[in-house]
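Student: after the sequence you'll find the predicted model.
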Amino acid sequence: MIEIENVHKSFGALQVLKGIDLTVKKGEVVTIIGGSGSGKSTLLTCINGLEPIDSGRIKIDGTEVHAKATDLNKLRTKVGIVFQQWNAFPHLTVVENVMLAPRKVLGMSKEKAEEIAVKQLTHVGLSEKLSVYPNRMSGGQQQRMAIARALAMQPEYMLFDEVTSALDPMLVGEVLDTLRMLASEGMTMICVTHEMKFAREVSDRVAFFHQGVMAEIAPPEQLFDAPQHAETKKFLSATH
Ligand code: ADP
Ligand code: MG
């Protein structure tokens, strides 16, 4: 379970998160929508300890992310994160890229890491691309490689930050299909997205962020069809 309690975060004088509360249970899919600059990415980077917080608390299965004693490397193996873009190592093949973190961080043998990398790449539909160099793949394939790379660490939670935003419209579908598949397998996920149709289909709950505040959170039918907050209504009418 991911427990976020009253989290505040500033960059200098700019207050980016103004008291966020959110609990995500095992197996739940929560999507976050909201305007640019509303704090969505910052929250994800705080959840896996890439950014410190000013106050409040984030716990992953009871372990406080920002406590001094917490082993962040260990915690990050539990919480995978995939961004808009990931720069793969260009001189390594796809399978070698995916093997890297299990080898370096988890200390896996070459054989075991390769087995897991092949398994995850196959899972995301890239079994034909194992020995290819990353720059020979489409943007959609590269994003699926990034997802396989995160999955190779065998995380219990996955955070996705606008993983389709940098893609040509033609390539968005294949990446969303991969996320749908993970959701249907029961992966616990927080997805920041602009894809409203996807959010409606896949989410247990949708959260709307506005200026560092989670203005509204509700099941998708409710949030999309009967939004309560004036800012949610405004945002949805602008994006539809
Ligand atoms: P979103 O993902 O919702 O678009 P972000 O969380 O990326 O929003 O950013 C929220 C605000 O924090 C923005 O105004 C952004 O410019 C600012 N910000 C984000 N990261 C940093 C940083 N590392 N240093 C300074 N300001 C930042
Ligand atoms: Mg962002």
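Tutor: Now that the structure is in, tell me what you want to look at. Keep in mind that this is a model prediction, so the values were computed, not measured. Numbers count the residues shown, from 1 in each chain. Ligands and ions are numbered 1, 2, ... in the order given.
Student: export the lowest-mean-pLDDT helix or strand in the chain to CSV, keeping only CA atoms.
Tutor: Lowest by mean pLDDT, DSSP states H and E among the helices and strands of the chain is helix 72-78, with a mean of 91. The C-alpha coordinates for helix 72-78 follow below in CSV (Å, rounded to 0.1, in the frame of the first residue of the first chain):
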residue,chain,number,x,y,z
LEU,A,72,16.2,4.2,-1.0
ASN,A,73,17.8,1.8,-3.4
LYS,A,74,16.0,-1.1,-1.9
LEU,A,75,12.7,0.9,-1.8
ARG,A,76,13.1,1.8,-5.5
THR,A,77,13.3,-1.8,-6.5
LYS,A,78,9.8,-2.0,-5.1
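Student: quick one: contacts of that helix?
Tutor: With Cβ atoms under 8 Å, 6 or more residues apart in numbering as the test, helix 72-78 has contacts from 48-49, 60-61, 63, 65, 105-106, 153-157. For every residue, glycine as well, the C-beta is placed using N, CA and C.
Student: pLDDT below threshold where in this protein?
Tutor: When residues are selected by pLDDT under 70, those of the chain lie in 240.
Student: which helix or strand lies directly C-terminal to the lengthiest helix in it?
Tutor: Counting by DSSP state H, the longest helix found in the chain is helix 169-184. Under the assignment DSSP states H and E, the closest C-terminal helix or strand after helix 169-184 is strand 188-192.
Student: what lines up beside that next one in the sheet?
Tutor: strand 29-34 (parallel), strand 157-161 (parallel) (DSSP bridges).
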